[in-house]
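Enquirer: how would this look folded up:
(chains A and B)
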Amino acid sequence: MKHTIKELEDIASQIRRDIVRMVHGCQSGHPGASLGCTDFFTALYFEVLNHKTDFTMEGAGEDLFFLSNGHISPVWYSTLAHAGYFDKSELATFRKLDSRLQGHPTTHEHLPGIRIASGSLGQGLSVAIGAALAKKLNGDKSLIFALLGDGELQEGQNWEAAMFAPFNKVDHLIASVDYNGQQIDGPTSKVLALDDLQAKFEAFGWHVINTDGNDMQAIVEGLHYAKTLTGKGKPILNLMSTQMGAGVDYMMGTHKWHGTAPNDEQLAAALAQLPETLGDY
Amino acid sequence: MKKYTYTEKKDTRSGFGAGLHEAGKKNENVVALCADLVGSLKMDAFIKDFPERFTQVGIAEANMIGIAAGMTIGGKIPFTGTFANFSTGRVYDQIRQSVAYSNKNVKICASHAGLTLGEDGATHQILEDIGLMKMLPGMVVINPCDYNQTKAATIAIAEYEGPVYLRFGRPVIPVFTDPDQKFEIGKAWMVNEGTDVTIIATGHMVWKAIEAGEKLAELGIDAEIINIHTIKPLDDEAILKSVKKTGCVVTCEEHNKFGGLGESVARLLTTELPTPQEFVATNDTFGESGTPDQLMSKYGLDAVNIVEAVQKVIGRKK
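Expert: Purely as a prediction, here's the structure:
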């Protein structure tokens, strides 16, 4: 372990503060699933991923991460800043004119850490597979990580990719699903039920593991365990249960904070629950 | 009128296959992907010599575009292959976000474009693809005119850094360009110098423009014929230079006149040098089943249609 669980939880607390402040600062963005995935991002970038903050597009010899559900950009931007990709002061520009921190992640403004645009849903798994194939051709044994939203799995392209990866033994790929059960129009169970995702991915030929995405110890251990499963002929799917809005009580357990910004009073209530640990931007 | 002859007829898709094989030999980063149309895209030679650099994705074009975009991150130069309809309309958003907006070095190679796909009918005969692709910021759009030019274009785009749409076709047509030509992206080819009218043609319509030029010469009309193989970026300079001399223009393409080469030329001329223009193109319509020749005739894409358009546009000159 590079960090103790307590240290990772402290980082996560700061990232959560950043998320609500960033979304409040421009009065737009997606706090719900950003908060829900904060523990995953912290574990990934501060514990699991073999990466350099001296960014190159190719990332030769490094593990690469792809975010398919690009709307949770606040958590990614804050994580990248605290990991050292760019100065945290830039977080104040989120979603504002002339910023590199666009509403959805993009390479267009050359923000270090981003390798492809995402936002229009359902495309990230295919891109991650392509990056994995290139690594293999280059004799690079590094891993590819991806994060997908659960509602996003309603997009058909995911299932094209889900069929491709096991058949082609893309076994250095760890895809996680943010399984929070919520989407814009309500619970996924009401909008278009995902039903038994584990059985579905297993039927496609994936090795599926289950983790608690809001328990730091569990997510660190789960991702380390996933790494031990690579190189065995199957892609790995981490079905990661999370709570949308995790860490801010009034945002939890509802889809209402999917894409809504807090007002001043709500911001204060959120920050009161999230200790400042690394210094606000 | 300069004399053009040919000794054989070949399909432009075979030019693509030969060019892909050649590009693969030149650069080990060239990789190919196909969505269950290997034979139609003539990828066999590449696959035989570089099996580890070929990816069969099955009938899953969206996934193919995403995978290709991802492969560029590892320094690869992916060539995706399927029919033009499935290369563009079917995967427009994947191309827009993962390739164009992300500025990925993907070569989208599209066969069976236009009416000359023939008997399969309108579901497969895309006449809107040039428009779709030229609207994407940063996308290069190329529609070569014969086997040799398609082969040269394929080799050239492998050496160009950035997203490219390469459009070619199914039928065998005369091979009349130089087999050793150097293909320069964005540079028009002067097919015939003339003074009375500028005929600007792309793809399969270039040979028809040459046939039309011969008929016009018999009628005493001296036509300048320019091959625009690169619709974007457009060779503004070559077009303006020619039109300044001739004072009128006819554009020819196997594509809807809405959104095609003709509109690109009109946009240029409207702002720089307002000029009478006629369009030889399909007119806001879908195609149908038939032989390529029957369809080109029925939808007004023959040499005779070019001759008529020239006579009309010359009559509009002030």
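Enquirer: residue contacts, residue 243?
Expert: Using chain A here. A:36, A:180, A:214, A:252, A:253 (Cβ atoms under 8 Å, 6 or more residues apart in numbering or on different chains). Every residue, glycine included, has its C-beta placed from N, CA and C.
Enquirer: I was after chain B.
Expert: Residue B:243 neighbours (Cβ under 8 Å, 6+ apart): B:198, B:249, B:269, B:273, B:275.
Enquirer: now, which of the residues you listed lie within strands?
Expert: Among the contacts of residue B:243, the members falling in strands (DSSP state E) are B:198, B:249.
Enquirer: Out of the contacts of residue B:243, which is nearest to residue B:125?
Expert: residue B:249 (26.3 Å; Cβ to Cβ).
Enquirer: Chain B contacts on chain A?
Expert: A:57-59, A:64, A:66, A:106-108, A:115-120, A:122-135, A:137-138, A:140, A:156-157, A:160-161, A:163-164, A:168 (Cβ under 8 Å from any Cβ of the partner chain).
Enquirer: Filter these down to the buried ones, PyMOL style.
Expert: To isolate the buried members of the residues of chain A next to chain B in PyMOL, using 16 or more other Cβ atoms under 10 Å in any protein chain shown:
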select buried, chain A and resi 57+58+59+64+66+106+107+115+116+117+118+119+120+122+123+124+125+126+127+128+129+130+131+132+133+134+135+137+138+140+157+160+161+163+164+168
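Enquirer: Just the residues of chain A next to chain B: which are in strands?
Expert: A:64, A:66.
Enquirer: now, which of the residues of chain A next to chain B lie within helices?
Expert: A:124-135, A:137, A:157, A:160-161, A:163-164 (DSSP state H).
Enquirer: Now residue 230: phi and psi?
Expert: Just so you know, I chose chain A. phi -70, psi 160 (degrees, to the nearest 10).
Enquirer: That was the other one, I meant chain B.
Expert: Torsion angles, degrees, to the nearest 10, at residue B:230: phi -100, psi 110.
Enquirer: Without its sequence neighbours, what residue ends up closest to it?
Expert: residue B:186 (4.7 Å; Cβ to Cβ, 6 or more residues apart in numbering or on different chains).
Enquirer: So what's the residue count around that neighbour?
Expert: Residue B:186: 17 surrounding residues under other Cβ atoms under 10 Å in any protein chain shown.
Enquirer: pretty sure it is in contact with residue B:235, am I right?
Expert: Yes - judged on Cβ atoms under 8 Å, residue B:186 makes contact with residue B:235 at a distance of 5.9 Å.
Enquirer: Who are the contact partners of residue B:84?
Expert: B:110, B:111, B:112, B:113, B:114, B:126, B:129, B:167.
Enquirer: Equivalent analysis for residue A:50, please.
Expert: Contacts of residue A:50 by Cβ under 8 Å, 6+ apart are A:62, A:63, A:142, A:143.
Enquirer: try 6 Å
Expert: The contact partners of residue A:50, by Cβ atoms under 6 Å, 6 or more residues apart in numbering or on different chains, come to residue A:63.
Enquirer: longest helix anywhere in chain A?
Expert: Per DSSP H, chain A has its longest helix at helix A:5-26.
Enquirer: And that helix, what's buried?
Expert: A:5, A:7-26.
Enquirer: Could you identify the helix or strand that succeeds that helix?
Expert: helix A:31-36 (DSSP states H and E).
Enquirer: and that following helix, C-alpha only, in CSV?
Expert: Backbone C-alpha positions of helix A:31-36 (Å, rounded to 0.1, in the frame of the first residue of the first chain) are rendered in CSV as follows:
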residue,chain,number,x,y,z
PRO,A,31,-22.5,16.1,-8.6
GLY,A,32,-24.4,12.9,-7.8
ALA,A,33,-22.4,10.2,-9.6
SER,A,34,-19.2,12.2,-9.2
LEU,A,35,-19.6,11.9,-5.4
GLY,A,36,-20.6,8.2,-5.8
